[in-house]
Every structure is written in structure tokens, then in C-alpha cells.
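**Student:** Return a 3D structure for these sequence lines:
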Amino acid sequence: MKERAPTLIAILLLLTLVVGTWWAADYAQRAIPIDPPRRITHEPDSWSSDFVMVRTDTEGVAINRLEGDYMQHYPDDDSYEITKAKAIGQQPGSPITVGTSNTAIMDQGGERIVMKGNAHVHRLPDQDNSALDVKSQQLTILPDQDVVFTDLPALVVQGKSTMNGKGMRYDNNTRQLQVFSATGVKISGEESRPSRSTNSGTTEKKP
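**Tutor:** Got it, this is the predicted structure:
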């Protein structure tokens with residue numbers, strides 16, 4: 001019995017140590033207040049003046065550029081809000097487009113730019129087509145698809161031709177323009193005639 005006493009004492013001390021450690025950990029967890037999970041709100045986590053972002057293709061060639069006087073990034077939806085925004089599209093094989101607005105929001109991983117307030121997209125002329133201007137209070141640009149559209153009233157001017165309507169879509173790859181619910185259309189003889197469809201539209205000659 002005397003030979004087992006040290007072993008029993010050691011086991012008892014070990015159990016006491018385990019129970020004491022468990023109690024101390026539980027007490028500390030209950031005694032120390034734990035911060036609740038952080039509530040994600042639409043608040044900026046970073047900002048920059050004279051903001052410039054350039055996107056390139058797989059070969060490293062710049063195809064889109066977005067810049068502005070001031071930028072704020074929102075982590076909840078990974079969006080960027082830019083003041084005095086300017087979006088430049090320079091896809092290979094397509095005319096350069098320049099979009100400007102009072103503010104802009106870029107989201108969806110850079111696949112969408114919503115231009116707000118005095119939104120204006122200018123398509124530079126090329127050897128086959130005159131310049132194209134689209135104006136509205138809001139224009140949505142899909143840079144990767146080289147498309148601009150809006151559901152709001154818009155004014156489209158190409159050369160001496162003008163189109164007013166509620167809603168429009170322009171594809172810079174195909175040079176196809178559609179103006180929906182047209183309220184005023186003036187087509188110059190120097191420009192392409194409108195195609196026959198339920199929507200007013202023109203399809204330019206693609207080089």
C-alpha cells in the first residue's frame with residue numbers, strides 16, 4: 001500500500017490540475033466580455049485622391065481605364081464610388097469610347113460601371129463612322145463587353161442625326177445602336193438609315 005501511495009498522490013494532483021485548468025478557462029471566458037460579430041455596413045474602408053485604375057487583357061495590353069478626382073472603396077459589396085469619373089474603353093479593333101459623369105460606381109469585379117449625373121459617352125470617329133454621343137442622367141457601361149445602355153431618357157447624336165428616347169443600348173463591337181420608345185428622331189441622309197424593327201435603331205458599317 002505504501003508503494004502505491006506516491007502513484008495515487010500523483011494521479012490525484014494531475015486530476016486536480018486538469019479540473020483547475022478547466023475551471024479557470026471557463027471562468028475567464030465568462031468573465032471577459034467578447035465582442036459581438038462585426039456588423040458589415042456600407043461604409044468605406046479606403047479612399048484615394050486622383051484615382052486611376054487600368055485593366056489589361058491576358059497579354060498585358062490596356063483595354064479599360066477608370067479615373068476620377070476622388071475614390072472610396074466599400075468592402076461589403078467590393079464596390080468603388082468615384083467623383084468626377086472618366087471611363088475610357090480602348091478594346092482592340094473598336095473605336096475608343098470616353099465616358100464622363102459627376103459620380104460613378106464600379107462593382108461586380110469591375111465588370112459594370114454606373115455613371116450618374118450628366119452622364120455622357122463619346123465614341124470617337126473612325127474612317128467609316130462619324131463620332132457618336134450619348135447623354136443621359138445615368139448610363140451603365142459594361143467594359144468587357146464594350147456595351148453602354150440606360151433605361152432612362154437619353155439623347156443620341158451622330159453627325160447630323162439625333163434620337164431622343166427612353167432607353168437605349170449601344171454595342172461598340174457591332175456598332176449597333178438601339179433607341180427605345182423614341183420620341184424624336186432626325187436622321188441625316190449622310191448617316192445610316194434606321195433599321196426596320198419595333199425599336200428605332202441604326203447599324204453602322206463595321207470596318
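**Student:** Which of the helices and strands in the chain ranks last by mean pLDDT?
**Tutor:** strand 200-203 (a mean of 51; mean pLDDT, DSSP states H and E).
**Student:** Contacts only, for the nearest residue to Arg123 once chain neighbours are set aside.
**Tutor:** For Arg123, ignoring the flanking residues on the chain, the nearest one in space by C-beta to C-beta, 6 or more residues apart in numbering is Leu132 at 3.9 Å. Bear in mind the C-beta positions are built from the backbone N, C-alpha and C, glycine included. Taking C-beta atoms under 8 Å, 6 or more residues apart in numbering, we find Leu132 in contact with His122, Arg123, Val156, Val157, Gln158, Tyr170, Leu177.
**Student:** Could you save those residues as JSON lines and add columns showing secondary structure?
**Tutor:** Putting those into JSON lines (DSSP: H, G, I helix; E, B strand; the rest coil) gives the following:
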{"residue": "His122", "secondary structure": "strand"}
{"residue": "Arg123", "secondary structure": "strand"}
{"residue": "Val156", "secondary structure": "strand"}
{"residue": "Val157", "secondary structure": "strand"}
{"residue": "Gln158", "secondary structure": "strand"}
{"residue": "Tyr170", "secondary structure": "strand"}
{"residue": "Leu177", "secondary structure": "strand"}
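**Student:** need those in TSV with distance to Thr21, can you?
**Tutor:** TSV is the format used below for the contacts of Leu132 (distance: C-beta to C-beta, whole Å):
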residue	distance to Thr21
His122	72
Arg123	72
Val156	76
Val157	79
Gln158	79
Tyr170	70
Leu177	75
